[in-house]
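K.L.:
Just need the structure, nothing else, for what follows:
(2 chains)
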Amino acid sequence: MFFNYYEPTSLREAIELGARFGGDGRFLAGGTDLMVQIHRGRLDPRHVISLQRVPGLEAIEADGTISIGARVTHRRLERAPDFQGALRGLIEGAEVVGGHQVRNVATVGGNIVNASPAADVVVVLLALDARLTCLGPAGERTLALDGFATAPGATALGPDELLSRASFPRLAPRSATAFLKAGRRRAMEISIVCAAARLTLDADLERCRDVRVALGAVGPTVMRARAAERYLEGRPLTDGALRDAGQIAAAECRPIGDVRASARYRALLVATLVPRVLARCLERVRLQSS
Amino acid sequence: MTRIPLSLIINGQTHEVLAEPHRTLLDVLRTDLGLVGTKENCLEAECGVCTVLVEGAAVNACILLAAQCQGRAIVTIEGLAAPGQLHPLQQAFIDHGAVQCGYCIPGMLLAAKAYLDESPEPNENGVREALAGNLCRCTGYQRIIEAVLSAARVLRASPTPASPETAS
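P.N.:
The predicted structure follows:
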């Protein structure tokens, strides 16, 4: 509960502090998770390193590869003009998180590093094949978001490393994204299940060329429904095919039962949300192409 | 524990305080500055009673370190209107019977203010969404929402000049 506080003003300085404190230090972005964990006594860092005055973590770049700085807030994400079109799934993932007060400060980087299995925006980034840039005393390395979270709250990030941005390739033509979430109420709710998809269609606008299906809150980490993806690739996207993909995804996810929902109900939600989120992508691609 | 000197611009006035780095803005507002209009409840950014404006944006003061607010302009409920006066939102809350126990109201008002500042022509869904981070356990929200919509009409009809406290 007691800690020293630092406000580095450059990436270099932030990394030096991170390296100096290692496991005794924590980077602070929006604080919507870190401060709660500290108040609950689950985390007790000796040193808190605020990133608020570190430049270079706040940009959304959308020329060529798309890059989202670690300190981009959910509120900025949901208003980003670059994501209004085919990347709308990112907005849909951001706008269901908390209330305005939380979204005004909660960051994309914090959401990724926090490694909640129910992280809404992270599920969308997973469907976009995002890669993460991590900076440490040894330099920079790039990790796939897929596999970055290793368990609830645990990631491949070293204790002396800082996540600086998530990036993903520009979407191919005839692509769209979408995100859907199930919760007990519409606002201020942790997802019971959430699902995102990124779909690319063939020139005929019937057949799936390439697809990602990502799920949240149905396993120890956010996950891709790989069997469902394999099933869909090359297949005409009839209602029946979408329903089958939902069944396959429901069979491959590994939900637990908890206070929010039973494992069985979560699997049923996956079987429902996956076809819906794919149908939404399909509709968006066809609308863009018409 | 080392204390750090902080310069906080609260309701247009600069306050110099010495605070330990782990202390939240909420704690410093209430304990050091006596600004107890900002309420304390869940301490987990769930309920919204501690909502204040930082650089015009609604945030939960319970998870914000005072140290993070160095040099930033903060508006609390005490600065929503000039002393002795009511902001149109406050008047509308009274007129619509939107207040029962009152505990959530400072946060409601500031969240509503931030929302109306950027969306002067709101619809009901927009107001509901803007207040989703503020819990009220008395009124059922309907009158609060009606009050915000009504205040928006008043503000559009005669936009009050921003008081020095709320100008940021």
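K.L.:
how many neighbours does whichever residue of the stretch 151-290 of chain A sits closest to chain B have?
P.N.:
As assessed by CB to the nearest CB, chain B sits closest to A:Ala187 within the stretch 151-290 of chain A, at 3.3 Å. Every residue, glycine included, has its C-beta placed from N, CA and C. Using other CB atoms under 10 Å in any protein chain shown, A:Ala187 has 14 other residues around it.
K.L.:
Any buried residues in stretch A:250-268, and which?
P.N.:
A:250, A:252-253, A:255, A:260-261, A:266-268 (16 or more other CB atoms under 10 Å in any protein chain shown).
K.L.:
A:Val277 reaches A:Val193, doesn't it?
P.N.:
No: using CB atoms under 8 Å, A:Val277 is not in contact with A:Val193; the gap is 10.8 Å.
K.L.:
Look at the nearest residue to B:Ala81 once chain neighbours are set aside and say how many residues are nearby.
P.N.:
Using CB to CB, 6 or more residues apart in numbering or on different chains and skipping residues adjacent in sequence, the residue nearest B:Ala81 is B:His87, 4.1 Å away. For B:His87, the count of nearby residues is 22 (other CB under 10 Å).
K.L.:
what's near enough to touch B:His87?
P.N.:
Residues in contact with B:His87 (CB atoms under 8 Å, 6 or more residues apart in numbering or on different chains) are B:80-81, B:109, B:113, B:151, B:160.
K.L.:
Just the buried residues out of the residues you listed, in ChimeraX syntax.
P.N.:
Selection of buried members from the contacts of B:His87 for ChimeraX, criterion 16+ other CB under 10 Å:
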select /B:80,81,109,113,151
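K.L.:
what residues does chain B put near chain A?
P.N.:
Residues of chain B lying close to chain A (CB under 8 Å from any CB of the partner chain) are B:1-2, B:4, B:20-22, B:24, B:43-46, B:48, B:51, B:57-60, B:62-65, B:67-68, B:70, B:111, B:114-115, B:129-134.
K.L.:
Give me the residue at the spatial middle of chain A.
P.N.:
A:Val122 (0.6 Å; CA atoms, centre = their mean).
K.L.:
Chain B now?
P.N.:
Closest-to-mean residue, chain B, CA atoms, centre = their mean: B:Leu110 / 3.0 Å.
K.L.:
what sits against that residue?
P.N.:
B:51-53, B:58, B:75-77, B:80.
K.L.:
Keep only those of these that are in strands.
P.N.:
B:51-53, B:58, B:75 (DSSP state E).
K.L.:
will you turn the residues you listed into CSV that also has neighbour count, distance to A:Leu205 and pLDDT?
P.N.:
Below are the ones in strands among the contacts of B:Leu110 laid out as CSV (neighbours: other CB atoms under 10 Å in any protein chain shown; distance: CB to CB, whole Å; pLDDT from 0 to 100):
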residue, neighbour count, distance to A:Leu205, pLDDT
B:Thr51, 32, 47, 98
B:Val52, 31, 50, 98
B:Leu53, 25, 47, 98
B:Ala58, 29, 43, 98
B:Val75, 25, 51, 98
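K.L.:
which stretch of helix or strand covers the residue nearest to the centre of chain B?
P.N.:
helix B:105-118 (DSSP states H and E).
K.L.:
ranges for the strands of the chain?
P.N.:
Chain wasn't specified; assuming chain A. For chain A, the strands defined by DSSP E cover A:4-6, A:25-28, A:47-50, A:60-61, A:66-69, A:131-136, A:139-144, A:149-151, A:154-155, A:162-168, A:175-182, A:193-201, A:208-216, A:223-224.
K.L.:
other chain: chain B
P.N.:
Under DSSP E, chain B gives strands at B:4-10, B:13-19, B:51-54, B:57-60, B:73-75.
K.L.:
which strands and helices sit next to the first one?
P.N.:
On a contact count with 3 or more CB pairs under 8 Å, 6 or more residues apart in numbering or on different chains; DSSP states H and E, strand B:4-10 meets strand B:13-19, strand B:73-75.
K.L.:
Mean neighbour count, those: which tops it?
P.N.:
strand B:73-75 (a mean of 23; mean count of other CB atoms under 10 Å in any protein chain shown).
K.L.:
Determine the set of other helices and strands touching that one.
P.N.:
Helices and strands touching strand B:73-75, as assessed by 3+ CB pairs under 8 Å, 6+ apart, comprise strand B:4-10, strand B:51-54.
K.L.:
Could you single out the most deeply buried of those?
P.N.:
Highest mean neighbour count among those (mean count of other CB under 10 Å): strand B:51-54, a mean of 27.
K.L.:
which residues are contacting it?
P.N.:
With CB under 8 Å, 6+ apart, strand B:51-54 has contacts from A:101, B:25, B:29, B:38, B:58-61, B:64, B:69, B:72-76, B:106-108, B:110-111, B:113-114, B:133-134, B:166, B:168.
K.L.:
Tell me the confidence at residue 84?
P.N.:
In the absence of a named chain, this looks at chain A. Here the pLDDT value assigned to A:Gln84 is 94.
K.L.:
That was the other one, I meant chain B.
P.N.:
Looking at B:Gly84, the pLDDT reads 93.
K.L.:
residues near it, how many?
P.N.:
B:Gly84: 5 neighbours (other CB under 10 Å).
K.L.:
Then the one 4 residues further on?
P.N.:
Other residues within reach of B:Pro88 by the criterion other CB under 10 Å amount to 22.
K.L.:
Give me the distance between it and B:Asp95.
P.N.:
Look at B:Pro88 and B:Asp95: by CB to CB, to the nearest Å, they are 10 Å apart.
K.L.:
ditto for B:Glu20
P.N.:
43 Å.
K.L.:
what about the two, which has more around it?
P.N.:
Comparing B:Glu20 with B:Asp95 by other CB under 10 Å, the one with more neighbours is B:Glu20, at 18 against 14.
K.L.:
is it true that the more buried one touches A:Phe3?
P.N.:
No: applying CB under 8 Å as the test, B:Glu20 and A:Phe3 come out as separate, 9.2 Å apart.
K.L.:
And for residue 50, the neighbour number?
P.N.:
Picked chain A for this. 21.
K.L.:
that's the other chain; I wanted chain B
P.N.:
B:Cys50 - counted by other CB under 10 Å - has 29 other residues nearby.
K.L.:
my guess is it meets B:Gly107, correct?
P.N.:
Yes: between B:Cys50 and B:Gly107 there is a contact under CB under 8 Å: 6.5 Å.
K.L.:
joint contacts of these two?
P.N.:
With contacts defined as CB under 8 Å, 6+ apart, the residues shared by B:Cys50 and B:Gly107 are B:38-39.
K.L.:
Tell me how far A:Lys55 lies from chain B.
P.N.:
For residue A:55 the amino acid is Pro, not Lys. 16 Å (CB to the nearest CB, to the nearest Å).
K.L.:
What sits closest to that residue if chain neighbours are left out?
P.N.:
Leaving aside its sequence neighbours, A:Pro55 sits nearest to A:Ser10 (CB to CB, 6+ apart; 7.2 Å).
K.L.:
For the chain, which segments count as helices?
P.N.:
No chain in the question, so chain A it is. Counting by DSSP state H, chain A has helices at residues A:11-21, A:34-39, A:74-79, A:88-94, A:100-103, A:108-114, A:120-127, A:226-232, A:239-252, A:263-289.
K.L.:
To clarify, I was referring to chain B.
P.N.:
So, for chain B - with DSSP H - the helices run B:25-27, B:88-95, B:105-118, B:124-130, B:142-157.
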